[in-house]
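*Asks:* quick check, what structure comes out for this input:
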Amino acid sequence: MRPGPRNLITDVAGLRVGNAQNDAVKSGTTVLTADAPFTAAVHVMGGAPGTRETDLLAPDKTVEQVDALVLSGGSAFGLDAASGVVDALREDDRGFAVGGIRVPIVPAAILFDLLNGGDKSWSSNPYRNLGEHAYAVAGQDFALGSVGAGTGATTATLKGGLGSASAILENGITVGALVAANPLGSVTTPGNRHFWAAQVELNGEFGGVGQDTTLDPAARLPLKTDMRRQAGNTTIAIVATDAQLTKPQAHRVATAAHDGMARAIVPSHTPMDGDLVFAAATGAKPLSDPPLDILQIGHGAAQCLARAIARAIYAASPTKDDLLPCWSDVNR
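*Replies:* Residues are numbered from 1 along each chain as shown. Predicted coordinates:
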């Protein structure tokens, strides 16, 4: 397994990602779209999810493909980012055909960043415009860290952020992950230098500091216990592949990818997190050995997601009135 040329989810050919944020609000939106509709599924393991149009991604539902996926800050307000994306897709004549009408299909998930120090006193919801802008600027290259849906994200001890990673599997299939990491738990071991995901790091992509050899298994793990931040949780992600998957197969990949979240965040999938993984498949490469290929894609997706989470925190940058330091601030 090796990273793709960009080490981004857009190493899956045909995918594009766009970010938009409001620095005063300390929040933003990230949109994944593609050159054509793609198969999608979702699996939720957190206890407090916030979503839009995820029911239709169930394996038994009629719609097979979607036009975009949205990750957003803003809690319930952030779900309106998908409305901006729907409007933009309609302008592009994209969507599910119903008679002479096209209805864009845009599932979305949100994280809670309303208590992160930003100015939330808006008079009109800003997320629709953020979604529309993120879709408009979507491309193969995009920034990581304190951008898009990761703009105002935090972890138990450090700033969170937006991360991505990719891998080319031995069978030639490409997988990738995109994540807005905002967990109740920690992404680093006590001391904030070593990442829980260090065992899967490739090519020093999040600092190359290695595993924590001094870790005490009995040590108390930090959580967001400060009253200003205890509700600021949820990690939301997309894993993608260029393989040809059915919705049930994509759902299995989304389920397997949650292992990557558990490897990178301790603890993960808590009652106060809305942890969720979308899976997307462009269908460019048929499966040659379905059971084995699905196993490898799910494992690769989990590895990519763990790496993407660590990269999100590693790339975070400081801004005014931050409640927590960046990894780079405490590891100069």
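*Asks:* I figured residue 3 hits residue 202, correct?
*Replies:* Yes: taking contacts as Cβ atoms under 8 Å, residue 3 lies within contact range of residue 202: 5.4 Å. Using the backbone N, CA and C atoms, a C-beta is placed for each residue, glycine as well.
*Asks:* overlap in contacts of these two?
*Replies:* The contact sets of residue 3 and residue 202 overlap at 165, 167 (Cβ atoms under 8 Å, 6 or more residues apart in numbering).
*Asks:* contact partners for residue 240?
*Replies:* By Cβ under 8 Å, 6+ apart, residue 240 lies in contact with 9, 12, 15, 32, 175, 176, 177, 178, 279, 280, 281, 282.
*Asks:* the nearest residue in space to residue 65 that is not next to it in sequence: what's it in contact with?
*Replies:* Leaving out its chain neighbours, the residue that sits closest to residue 65 by Cβ to Cβ, 6 or more residues apart in numbering is residue 37, at 3.8 Å. Counting by Cβ under 8 Å, 6+ apart, residue 37 touches 65, 66, 67, 94, 105.
*Asks:* redo those as CSV? Include secondary structure and pLDDT.
*Replies:* As requested, the contacts of residue 37 are arranged in CSV below (DSSP: H, G, I helix; E, B strand; the rest coil; pLDDT from 0 to 100):
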residue, secondary structure, pLDDT
65, strand, 96
66, strand, 97
67, strand, 98
94, coil, 94
105, coil, 97
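*Asks:* which one among those gets closest to residue 157?
*Replies:* Taking Cβ to Cβ as the measure, residue 157 lies nearest residue 66 of the contacts of residue 37, at 35.2 Å.
*Asks:* hang on, residue 173 packs against residue 253?
*Replies:* No: Residue 173 lies out of contact with residue 253 (Cβ under 8 Å); the separation is 11.0 Å.
*Asks:* overlap in contacts, these two.
*Replies:* Joint contacts of residue 173 and residue 253 (Cβ under 8 Å, 6+ apart) are 241, 297.
*Asks:* out of those two, which sits in the busier spot?
*Replies:* Taking neighbours as other Cβ atoms under 10 Å, residue 173 and residue 253 compare with residue 253 leading, 28 against 21.
*Asks:* so what's the more buried one up against?
*Replies:* Residues near residue 253 by Cβ under 8 Å, 6+ apart: 41, 239, 241, 245, 279, 281, 294, 297, 298, 301.
*Asks:* so what's it closest to, chain neighbours aside?
*Replies:* residue 279 (4.5 Å).
*Asks:* what's the burial count for that neighbour?
*Replies:* With other Cβ under 10 Å as criterion, residue 279 counts 31.
*Asks:* what of residue 54?
*Replies:* Neighbour count of residue 54, defined by other Cβ under 10 Å: 18.
*Asks:* ok, now how distant is it from residue 111?
*Replies:* Taking Cβ to Cβ, to the nearest Å as the measure, residue 54 falls 15 Å from residue 111.
*Asks:* quick revisit: which parts of the helix or strand containing the residue nearest to residue 253 are buried?
*Replies:* Taking DSSP states H and E as the criterion, residue 279 maps to strand 276-285. For strand 276-285, burial by neighbour count (16 or more other Cβ atoms under 10 Å) applies to 276, 277, 278, 279, 280, 281, 282, 283, 285.
*Asks:* can you put those in JSON lines and add pLDDT and distance to residue 216?
*Replies:* Formatted as JSON lines, those follow (pLDDT from 0 to 100; distance: Cβ to Cβ, whole Å):
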{"residue": "276", "pLDDT": "97", "distance to residue 216": "32"}
{"residue": "277", "pLDDT": "98", "distance to residue 216": "30"}
{"residue": "278", "pLDDT": "98", "distance to residue 216": "36"}
{"residue": "279", "pLDDT": "98", "distance to residue 216": "36"}
{"residue": "280", "pLDDT": "98", "distance to residue 216": "39"}
{"residue": "281", "pLDDT": "98", "distance to residue 216": "42"}
{"residue": "282", "pLDDT": "98", "distance to residue 216": "44"}
{"residue": "283", "pLDDT": "96", "distance to residue 216": "47"}
{"residue": "285", "pLDDT": "97", "distance to residue 216": "45"}
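*Asks:* and of these, the nearest to residue 20?
*Replies:* residue 278 (18.8 Å).
*Asks:* beta partners for the closest one?
*Replies:* Applying DSSP bridges to residue 278 gives these bridge partners: residue 42, residue 238.
*Asks:* for residue 71, see how far away the residue nearest to residue 65 is.
*Replies:* Residue 37 is 19 Å from residue 71, where distance means Cβ to Cβ.
*Asks:* show me the shaky parts of this structure.
*Replies:* 225-231 (pLDDT under 70).
*Asks:* hey, where'd the strands end up in it?
*Replies:* Secondary structure of the chain (DSSP state E): strands at 15-22, 27-44, 51-52, 65-72, 96-98, 101-103, 108-110, 161-168, 174-181, 236-243, 276-285.
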